[in-house]
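>>> Show me how the following folds:
(2 chains)
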Amino acid sequence: MRRPAVVSLVATVALLGCARASKLGDPVPGLTPAEREQFEQGRVEFERVFTPETGLGPAFNASACAECHDSPIPGGPGEEAERHVSAFRASDLFCDPLAEEGGPVIQAQVTPALQAALGVDSEPVPGEATAVAQRTTPGLFGFGLLDAVPDSEILALADPDDRNGDGVSGRPNRFLDGRIGRFGRKAFVPTLKEFNEGALVIEMGVTGPSQPTEETLGGRPLPEGTDPTPDPEVEQAAVDRLDAFVRLLAPPPRQPLSRAGKRGREVFFTSDCNKCHVPLLRTGDSPVRAIRYRPVAAYTDLLLHDMGQDMADICLGEATPSEFRTEPLMGLGLSEHLKEGEPRFLHDGRAKSIEEAIRMHGGEAARSRDRFLGLSEADHMAMLAFLRSL
Amino acid sequence: MTTPMIHRPDMRRFGPLLLLFLALAVAVAPSTRGATDRSSLRSLTGTLKSVDVKGRTVVVLTGVGHSIRAIRLRVSPGCRVEVSHRPASLTQLAPGQVARVGYEPAPRAAAGEAVGAAMAIEVSTPRGGVR
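Predicted coordinates for the structure are as follows:
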């Protein structure tokens, strides 16, 4: 074997071996026994089924994290989709998440007590909404590594005014307090901790110390007696265990690349897909040694890109309706084999295959999409083989 | 169950600001003298959703992850307003700006009511929150 090939092989093995799971659902390698124990305890919290007596609702989307994040195992993507709303004011580009009207996440279910009190089965969509979006359930593998990527790394990739003239102009989203966001399909949430803590309330109606108030139902106060569990409904220690599970979940094991897959990797680069789906980010400092200063092959830049009007739905933070965060591609193939239902791709599940998802790319991604569409049949298949391997 | 989410202030950053709030509270609201103490003051940072100059109220969006709350605050008569570190008036505030608000919480507030009285509103950029 020639020396460059050996170097390349060693580098690839080192890269792929770093922080990747040997088996889907494993924690990142190299945890201390205490961290491993916290991960296992967190898995129990992730699978914990809430009832109205233990804090579920009164309005909710699911009774457990693992109810939706379940394909093929807890922490994976799921077939469920929920509704998000916003009101975008084009005159001054103001995005209203309709918090006073029950937004931005609309709960699809209510507890029997709330149903009896109000006679409704779900939260209504506010009349003020200018857009209603479907949001699929993402896989959570490797999110702890994304959380540890420094803001400076994200900002270094931004090119809001497209100064390099490549037609790609990523920019960061910002949370309500001005911090740079990275989680969620609009890159709205700055940290994984907040992403998890917020999900407890919006998805299950379970209040915690950081968000001790329930979601309203369409902005209406909850009727007396419909929320019997005192707030906060879970203690911080339980929230921390849940957070540890999600944070320490390793990226999915990468599938060995076939000859076609290797060709697909080349095509991925020559089609400029890597301009947004940046192959490698690097984590910064972290209290968890196994996550600290590691490469993460997430295939995202965590930035917003204009995906064109056909894709547009809600706004969120600074993200306009047509702007979306570059979706991480690690574990992409998992969405081809959901436990139930047909495959779902893109933020709203409108694409039923990876190929269809690429075809639906527009806006800043139109040039890369067109290159993909112009590929030979063999290169076309090679690209898909590569994407399935991630 | 209707208490809004509140960010605890970072004393190192907010210490001087809180002292200023205290001084303002004592100076401009003598009727509340004795009722205002350091522990009663809170602060939050969020995006302005609305500014009602005539009604002297502001609504600030804040939250945890995708769980967002709209916090309604009455603007006290002596409220200090700053934009880019310069004295400003309520009319210079606009939806979309990121604001840091120091306020005195109301004893009890029902859903939709003001949860307190803003004593200081600071906007670091003339226009933030949206492009």
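>>> quick one, phi/psi of residue A:62?
phi -150, psi 160 (degrees, to the nearest 10).
>>> That one against residue A:206, yeah?
No. If you go by CB atoms under 8 Å, residue A:62 and residue A:206 don't touch, sitting 10.6 Å apart. To be clear about C-beta, it is placed using only N, CA and C from the backbone, and glycine gets the same treatment.
>>> what about these two, which has more around it?
Ranked by neighbour count (other CB atoms under 10 Å in any protein chain shown), residue A:62 and residue A:206 place residue A:206 first, with 27 against 24.
>>> residue boundaries of the strands in chain A?
For chain A, the strands defined by DSSP state E cover A:59-60, A:78-89, A:94-96, A:105-106, A:109-110, A:131-137, A:281-282, A:295-296, A:304-306, A:323-325.
>>> Could you point out which of those strands sits nearest residue B:107?
strand A:59-60 (27.9 Å; CB to CB).
>>> touching chain B at all, the closest one?
No. Shown here: strand A:59-60 not in contact with chain B (CB under 8 Å from any CB of the partner chain), separated by at least 12.0 Å.
>>> what's that strand in contact with?
A:107, A:109-111, A:114, A:122-123, A:203-205, A:214-215, A:217 (CB atoms under 8 Å, 6 or more residues apart in numbering or on different chains).
>>> switch the cut-off to 6 Å
A:107, A:109-110, A:123, A:204-205, A:215, A:217 (CB atoms under 6 Å, 6 or more residues apart in numbering or on different chains).
>>> Also stretch A:189-208?
In contact with stretch A:189-208 (CB under 6 Å, 6+ apart) are residues A:50, A:55-57, A:59-62, A:105, A:143, A:147, A:175, A:179, A:181, A:183, A:210-211, A:231-234, A:239, A:243, A:246-247, B:64-67.
>>> Inside helices: which ones of those residues?
Applying DSSP state H to the contacts of stretch A:189-208, the entries found in helices are A:143, A:147, A:239, A:243, A:246-247.
>>> For PyMOL, what selects the buried ones among those residues?
PyMOL command restricting the ones in helices among the contacts of stretch A:189-208 to the buried ones, with burial defined by 16 or more other CB atoms under 10 Å in any protein chain shown:
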select buried, chain A and resi 143+147+239+243+246+247
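>>> which stretches of chain B aren't confidently modelled?
The model of chain B has pLDDT under 70 over residues B:1-39, B:111, B:125-131.
>>> With adjacent residues omitted, what lies nearest to residue A:58?
residue A:114 (3.9 Å; CB to CB, 6 or more residues apart in numbering or on different chains).
>>> Hmm, the one you found is touching residue A:225, no?
No. Using CB atoms under 6 Å, residue A:114 is not in contact with residue A:225; the gap is 9.7 Å.
>>> which one of these two has more residues nearby?
Each of residue A:114 and residue A:225 has its neighbours counted (other CB under 10 Å); residue A:114 has more, 26 against 10.
>>> now the residue in the stretch 51-200 of chain A that chain B sits nearest to: how far from residue B:67?
Residue of the stretch 51-200 of chain A nearest chain B, by CB to the nearest CB: residue A:198 (2.0 Å). According to CB to CB, to the nearest Å, residue A:198 and residue B:67 sit 4 Å apart.
>>> Could you do residue A:349 as well?
If you measure residue A:349 against residue B:67 using CB to CB, the figure is 23 Å.
>>> before we move on, what about residue A:286?
Between residue A:286 and residue B:67 the computed distance is 25 Å (CB to CB).
>>> same thing with residue A:183?
Distance from residue A:183 to residue B:67, by CB to CB: 13 Å.
>>> got it, and residue B:96?
20 Å.
>>> the more surrounded of those two?
Applying other CB under 10 Å to residue B:96 and residue B:67 shows that residue B:67 carries more neighbours, namely 26 against 21.
>>> what sits against that one?
Taking CB under 6 Å, 6+ apart as the test, what residue B:67 contacts is A:198, A:201-202, A:211.
>>> what are the bridge partners for it, then?
residue B:64 (DSSP bridges).
>>> Kind regards, and thank you for your time.
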